[in-house]
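Undergrad: Just need the structure, nothing else, for what follows:
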Amino acid sequence: MPWRSLMRYLTNNEELIRRLSESYPIRRAAQLTAYFFNVGKDKFIEHRGKYERAGGWEKTKRDVKTDLKGVQDIGKEYLSILFRPYTDTWTNYKNLRQQQEKGRTSSSSSSTTTTATRKPTTSTNNNKRKPLP
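TA: Next up is the predicted model:
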């Protein structure tokens, strides 16, 4: 609480504000602020003409779209490389399943004639699938 009253006194003290404004650091800071403001404004005006001649806002929108498209392409490529082992394994698994289905359909038609000669197996290990490498 005492800090608040002290700060209020210092900021409302007209003599203190005047003496601070005449000090070198405050004058120099004001000069630099005005300098950077004016230089920035001049640069903006100078480059605004070049910007308008180059296509202006429409060119900026096109550039942003192409940049965003490039970033999306890079992201897709990164994700495809990141998950390639999993997608390759899934593709191999689907191909294996298709081959097994084709083998079952072709063997089921020929197995109807040979079921009488085939001996039943008692091993339960045949039903288990081996994990893919």
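Undergrad: neighbours of Lys69, just the number please.
TA: 10 (other Cβ atoms under 10 Å). Heads up, the C-betas are built off the backbone N, CA and C, glycines and all.
Undergrad: phi, psi of it?
TA: Torsion angles at Lys69 (phi, psi; degrees, to the nearest 10) stand at phi -60, psi -40.
Undergrad: same check, this time on the one 5 residues further on
TA: Recorded main-chain torsions at Ile74 are phi -60, psi -40, according to degrees, to the nearest 10.
Undergrad: those strands in the protein, which residues are they?
TA: Here the chain has no strands by DSSP state E.
Undergrad: Just the pLDDT for the residue nearest the centre of it.
TA: Central residue of the chain (Cα atoms, centre = their mean): Gly75, 6.8 Å from the mean position. Note for Gly75: predicted pLDDT of 85.
Undergrad: next one: Lys41
TA: 90.
Undergrad: Then Asn12?
TA: 91.
Undergrad: okay, now the domains of the chain?
TA: 11-54, 56-100 (automatic domain parsing).
Undergrad: lowest-confidence stretch among these?
TA: For the domains of the chain, where the average pLDDT is lowest is domain 56-100, sitting at a mean of 83.
Undergrad: Off-centre distance for it?
TA: With Cα atoms, centre = their mean, to the nearest Å as the basis, domain 56-100 stands 13 Å off its chain's centre.
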